[in-house]
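**Student:** whatever this is, show me its structure:
(2 chains)
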There are 2 protein chains.
Amino acid sequence: MNLILLAPVGAVTALVFAAYLAYSVLKQSEGTEQMKKIAAAVRKGANAYLKRQYAGVSIFFIVMVVILSVLAALGYLNPFVPIAFLTGGFFSGLAGYFGMKIATSANARTANAAMKSLNSGLRVAFKSGAVMGFVVVGLGLLHLSVWFYFLKWYFRYLPEAQQIQEITSAMLTFGMGASSMALFARVGGGIFTKAADVGADLVGKVEAGIPEDDPRNPAVIADNVGDNVGDVAGMGADLFESYVGSIVSTCTLAVAAGLGFNGVTIPLVMAAVGILASIFGTFFVRSGEQAEQKILLGSLRRGTYISGILTAVIAFFLVRSVLGMEHIGVYYAILSGLLAGVLIGFLTEYYTSDTYKPTKELASTSTTGPATVIIGGISLGMISTAIPVVVVGISVLASYYLAGGAQNFSMGLYGVGISAVGMLSTLGITLATDAYGPVADNAGGIAEMCHLGPEVRRRTDALDALGNTTAATGKGFAIGSAALTALALIAAYKEEVVLIAQRQGLNFQFDLSIINPTVLIGLFVGGMLPFVFASMTMDAVGRAAQKIVVEVRRQFKEIKGLMEGKAEADYARCVDICTRGAQKEMIAPALLAVVAPIVVGLILGVNGVAGMLTGATVSGFVLAIMMANSGGAWDNAKKYIEAGNYGGKGSDNHKAAVVGDTVGDPFKDTSGPSINILIKLLSMVSIVFAAFILQNSLL
Amino acid sequence: MNLILLAPVGAVTALVFAAYLAYSVLKQSEGTEQMKKIAAAVRKGANAYLKRQYAGVSIFFIVMVVILSVLAALGYLNPFVPIAFLTGGFFSGLAGYFGMKIATSANARTANAAMKSLNSGLRVAFKSGAVMGFVVVGLGLLHLSVWFYFLKWYFRYLPEAQQIQEITSAMLTFGMGASSMALFARVGGGIFTKAADVGADLVGKVEAGIPEDDPRNPAVIADNVGDNVGDVAGMGADLFESYVGSIVSTCTLAVAAGLGFNGVTIPLVMAAVGILASIFGTFFVRSGEQAEQKILLGSLRRGTYISGILTAVIAFFLVRSVLGMEHIGVYYAILSGLLAGVLIGFLTEYYTSDTYKPTKELASTSTTGPATVIIGGISLGMISTAIPVVVVGISVLASYYLAGGAQNFSMGLYGVGISAVGMLSTLGITLATDAYGPVADNAGGIAEMCHLGPEVRRRTDALDALGNTTAATGKGFAIGSAALTALALIAAYKEEVVLIAQRQGLNFQFDLSIINPTVLIGLFVGGMLPFVFASMTMDAVGRAAQKIVVEVRRQFKEIKGLMEGKAEADYARCVDICTRGAQKEMIAPALLAVVAPIVVGLILGVNGVAGMLTGATVSGFVLAIMMANSGGAWDNAKKYIEAGNYGGKGSDNHKAAVVGDTVGDPFKDTSGPSINILIKLLSMVSIVFAAFILQNSLL
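**Tutor:** Numbers count the residues shown, from 1 in each chain, chains lettered A, B, ... in the order given. Now for the predicted structure:
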């Protein structure tokens, strides 16, 4: 029991470490005046975006708090949910805020450090990524710890078994705030970044024929801002939610499995152990002067693997001391989660990196034009779903049986939950290697815009290329962990409904059989939702990008001397258009995610909702991998051609590959990753509205 | 009981009617010598393809019969399965053979009749489509009837309840032969047709700049052959399988619902009623001389609607007299199926016809290049899945509850099965309007190649345009009926397993709950299969098309005088390449469909198999609709531009739209429709191997 104290201790340690890293990044110089100026413009744009986003989100949060308060007043929810909804959203937003603050402060500093040496550049970029990583896990775990201790105090007069049940049942409903914030961050950020990117490319590169990151392009700052709001803040919020969701659902499943406080101790302390191991791991990320991607990647991997191994070792003693050798299978479930995370990350890399066969073959399809590039990329994405599904399948099965599911069904489900926690335990460092990417990307842009010389540009290019690989791995990891978390949430949903029915004295029987027609239709509706959601987000990018195209064309035409480099573009206007576009366009997908479980629930009841959640997780997982990998492979096939293969830059083959890359942009950076949020938010909304649905559904 | 005699009577009537139609088509003139020559070349190519396909398929059938015989000898299967596997495959193949024979004999005759009047052309093309339609339903129902009466005689000494159980249980396993044949027809035909089409276009239209259907293009005959083997034989085999599958699964569910022979009478007699109503409907398909698509479409619709209404009226009296007013809900289940079929067909048309907003908007995306065309088309396909899923959902729910599922679960499932039968009852005429398309398409090609003059070409163009619409509706119908049939098969699978376990005295308990990990993983694996299958078939088209590209380029280069029209192209070689390519490339997808249920079953057991079937049906249904509609919309967006919008033929916008159309080709004609077969074949294989899996699975 006292071990749980490690959770707040770990959380605070993570935050202190993040503060230390932030300090050590900020004390670096931002370089020349011009570098400072560009960095300031990016920072200003990112701040403006965040400010507008938080303002928009506030309206949503106010409406939701009113609805939740009414439900709580009617007895459908425990009274803490509206407050926890706010605190969850606030902490998630805060993590995004800090992460972006540091990322937009580190870009020029990375470029400047790269003037000294490659290792210096790597260190600055990685440290700023690590700030994001540790802020996410620190704030996530802190939020959970505070509520845990508060609820423990609040329910102090209850007998222990009932106390833990009330605590976990309440905490399970708390994830919706973080989920909602994640949706806006991922979807809004995804729309912003790709609208800016596509818009900048279509007019700048294709029509005007100026290079990427050229300061004459009015959308260039928006493009750089986009890297930060999409890949930093969006990714952080996504994983914040998975992190919190996996822990609370496992706690709920612990109670169902009859493990009581001991079962709750494991996930909370595992999170703390993962934080400490991640901190340890960060000290191993450094490199020499060889800018070979393999070596750079190796240095990032070293940190991650050391953290993982350390976590795995400590977890053994943790499980043994808390649950005893009798439940040592729980430890193997943790291991299976850790391993699955690594494997899925590697598989993503295999399918999207141009060092492997699939992307090389995709590049060769460019010789027969854009249509074959598209067919090849979609086909690649589709076939790339096979092994990740098998890996997740084996991981679920292994963790279920290893934790003792054959004897005790609930123990098996607890095993599935804890494997998700295991996968996410070293999130601190995993996210660091991921959030590092956009910083390096921005640094490259600044090096280009400020003409820092070929040697610096070579170093930032090496860092950037590495960032593309880690971004791909990060996306695979985000999808894998989202799927496992969603499964744990579905299992927890069932427990929560059973508990509510008991409390309210309802004569309720679950029938989750797949041939129960309500479940079956739920599966169908759920299976369709990710497709509709992806369609909505892709269209949103298209509409927002269209506005940028019009604006950039206008500036090229109306601002005299812009193309000659004598006048300055109106960068702020493009940022503003992207911001407005993202704000407006994210409303409809958000509504879909919130409304679907309620409508399905009101018609089909809780069985139908469980079917819908499962259907959405299954098809969402597959579709998200497909879209992410198709997009990643198109991007790298294009880069492979640009590196001089199949005719190189400017050839017809290159033009064909650019079509693939442009299609891939919303695939991999907007729709694909947003599906992660969709499947988790659906679960969260279902959990929060469970009591309401249970009493008011048609069937 | 005696009513069941209507089934063989209906079957024979259908076959006699088909023979009459075939006679009245064949007595028409094939026109000029040149028309005869081209028609003969197409016919020869199609025959060569069929011959090779049947030879290849024979090997598969021999292997399977050996495996099934071993299983039967070991007691895992009833002894009739190996024979029924052969007869099912044979009848399905026979239907394809007759359908293609008449289609390849009607193309020149349609062109020739179109010289007289539009109505004459429509009549010839439609009659030849109707031959396919009535051969499919006639042979399908004949096959079932013969086996039914044989088994009834064989089990004559059993008490009635047990007799009907043995009959339906045996017949359920008989669908695998038809399924296997359908796979080869759909996948092989789909690969052939698109390899020829894409290959012909890439070199002929794009590189050499000669028009479509130009006799100088060496792949032009292969392209015409492809229309027949893909859209006629493939579609026919697909629906043959749905037709047979929906009937046998409903018979099995009738026994589980305790309806006995009466419950079996309904689906069998419904099929016969549908045949008679369809024959009646065909007489209403005629038109005047106005070549407006609306009017032509109206004349085809009239026939379909009249058949549907007639069937609906007779079905009421059938249900009332066989099951009594107590079970009149079964009648409403039939109605819901009929209605859902019409609705899904209409929705497909809405999303893919250029008379509606979605495709018009897609055409407008061509102004910003091929990338936005692709994004727009994929997005359109994705969002177009929403309403069909809801329609199927409502149909399933309605038929379940209307048939009395609230009181009796098995009655509800019987309702779902009978709704699929209802949807497919008028298949005779539905398939006629669908198989008509390729004939009209071929007729247009012949008119072009033989320079029959603008008036004739205008008429065949009108017929062809109509064919595109009916093809789209047909695809929607094929997917919708495949999904409903698959659901009925899954429910029947469960009954079959329960029965096997009883017979073998196994202490077996189903746990089909979605949170049972074996079911869950089954769902994941099943959800992934259609994606992998689609990827394999798309790649297959790419590889086969590549070979055609090389060959056409070679002929252009090596055959002197070809481009000047002085020498003749070597058409047969292109047909041969497509044939070989299709044969070779269909092996891997076929193996996936056969092996997946066995592997999943051996590891996860029958619960996992049920999960896999459901997952595949859910994600397959959504993916198939998406691919079919994206492809259809791209095709028509291109045609919309060719009609003079957004710059018309030859403009940059047109080029962008052509990219979409080329991507759409394997989407809508290979991968999308093949998914229908995948989900049904998975069910069939699972059913046949159920006893084996039940005793030999790991979990």
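**Student:** spatially nearest residue to residue A:224 (excluding sequence neighbours)?
**Tutor:** Nearest residue to residue A:224 in three dimensions, chain neighbours excluded: residue A:42, at 4.8 Å (C-beta to C-beta, 6 or more residues apart in numbering or on different chains). In short, each C-beta sits where N, CA and C put it, glycine included.
**Student:** if I look at the one you found, how far off is residue B:115?
**Tutor:** For residue A:42, the distance to residue B:115 under the criterion C-beta to C-beta, to the nearest Å works out to 70 Å.
**Student:** which one of these two is surrounded by more residues?
**Tutor:** For residue A:42 against residue B:115, the residue with the higher neighbour count under other C-beta atoms under 10 Å in any protein chain shown is residue A:42, and the figures read 28 against 19.
**Student:** report pLDDT for that one.
**Tutor:** With respect to pLDDT, residue A:42 scores 87.
**Student:** what do you get for residue A:292?
**Tutor:** According to the model's per-residue confidence, residue A:292 sits at a pLDDT of 68.
**Student:** how much space between the residue nearest to residue A:224 and residue A:445?
**Tutor:** With distances taken as C-beta to C-beta, residue A:42 is found 9 Å from residue A:445.
**Student:** between those two, which contacts overlap?
**Tutor:** A:107, A:224 (C-beta atoms under 8 Å, 6 or more residues apart in numbering or on different chains).
**Student:** before we move on, the earlier item: correct me if wrong: the residue nearest to residue A:224 contacts residue A:232.
**Tutor:** No - when contacts are counted by C-beta atoms under 8 Å, residue A:42 is not listed as touching residue A:232 (11.8 Å).
**Student:** just the angle between the lengthiest helix in chain A and helix B:587-642, please?
**Tutor:** With DSSP state H setting the assignment, residue counts place helix A:587-642 as the longest helix in chain A. Using axes from the mean of the first three to the mean of the last three C-alpha atoms, to 10 degrees, one finds that helix A:587-642 and helix B:587-642 are set 110 degrees apart in direction.
**Student:** the next helix or strand after helix A:587-642: which residues count as buried?
**Tutor:** Using DSSP states H and E, the next helix or strand after helix A:587-642 towards the C-terminus is helix A:652-666. Neighbour-count burial for helix A:652-666, counted by 16 or more other C-beta atoms under 10 Å in any protein chain shown, picks out A:653-666.
**Student:** and these, which two are the farthest apart?
**Tutor:** Across the buried residues of helix A:652-666, the longest distance by C-beta to C-beta is 22.9 Å; it joins A:653 and A:666.
**Student:** what stretches of the stretch 1-150 of chain A score poorly on pLDDT?
**Tutor:** Under the criterion of pLDDT under 70, the regions of the stretch 1-150 of chain A flagged as low confidence span A:1.
**Student:** helices along that one, start to end?
**Tutor:** Counting by DSSP state H, counting those that start in this stretch, the stretch 1-150 of chain A forms helices over residues A:6-26, A:33-73, A:81-116, A:118-154, given from the N-terminal end onward.
**Student:** which one, of the ones you listed, ends up nearest to residue B:330?
**Tutor:** For the helices of the stretch 1-150 of chain A, proximity to residue B:330 was assessed by C-beta to C-beta; helix A:33-73 is nearest, at 41.1 Å.
**Student:** for the closest one, packing partners?
**Tutor:** Contact here means 3 or more C-beta pairs under 8 Å, 6 or more residues apart in numbering or on different chains; DSSP states H and E; on that basis helix A:33-73 packs against helix A:81-116, helix A:175-183, helix A:220-226, helix A:427-449, helix A:571-585.
**Student:** got the angle for the first one vs helix A:118-154?
**Tutor:** Translated: helix A:81-116. The directions of helix A:81-116 and helix A:118-154 differ by 170 degrees, with the same axes, to 10 degrees as the criterion.
**Student:** off-centre distance for helix A:81-116?
**Tutor:** 14 Å (C-alpha atoms, centre = their mean, to the nearest Å).
**Student:** list the buried ones in that helix?
**Tutor:** Using 16+ other C-beta under 10 Å as the burial criterion, the residues of helix A:81-116 that qualify are A:81-115.
**Student:** I'd say residue A:235 and residue A:478 touch.
**Tutor:** Yes - assessed by C-beta under 8 Å, residue A:235 is found in contact with residue A:478 at 6.7 Å.
**Student:** quickly list what's touching both of these two.
**Tutor:** By the contact definition C-beta under 8 Å, 6+ apart, residue A:235 and residue A:478 are jointly contacted by residue A:673.
**Student:** so for the two, which sits in the more crowded spot?
**Tutor:** When residue A:235 and residue A:478 are compared for neighbours, residue A:235 comes out ahead with 31 against 28, by other C-beta under 10 Å.
**Student:** not counting its neighbours along the chain, what's nearest that one?
**Tutor:** If you skip the residues right next to it in sequence, residue A:235 has residue A:434 as its closest partner in space, 6.1 Å away by C-beta to C-beta, 6+ apart.
**Student:** what is the neighbour count of residue A:23?
**Tutor:** 11.
**Student:** please disregard the earlier target; I meant residue A:25.
**Tutor:** Other residues within reach of residue A:25 by the criterion other C-beta under 10 Å amount to 24.
**Student:** quick one: it and chain B, what's the gap?
**Tutor:** In this view, residue A:25 and chain B are 37 Å apart by C-beta to the nearest C-beta, to the nearest Å.
**Student:** what's stretch A:210-220 in contact with?
**Tutor:** The set of residues external to stretch A:210-220 that reach it, using C-beta under 8 Å, 6+ apart, is A:38, A:196, A:199-201, A:203-205, A:208, A:223, A:444-445, A:448-449, A:548, A:551-552, A:555-556, A:562-563, A:565, A:569-571, A:573-574.
**Student:** got a list of what residue A:663 touches?
**Tutor:** Applying C-beta under 8 Å, 6+ apart, we find residue A:663 in contact with A:374, A:377, A:631, A:634, B:371, B:374-375, B:378.
**Student:** now which of those would you call buried?
**Tutor:** A:374, A:377, A:631, A:634, B:371, B:374-375, B:378.
**Student:** redo those as TSV? Include pLDDT and secondary structure.
**Tutor:** Compiled in TSV, the buried ones among the contacts of residue A:663 are given as follows (pLDDT from 0 to 100; DSSP: H, G, I helix; E, B strand; the rest coil):
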residue	pLDDT	secondary structure
A:374	96	helix
A:377	96	helix
A:631	94	helix
A:634	95	helix
B:371	91	helix
B:374	96	helix
B:375	94	helix
B:378	97	helix
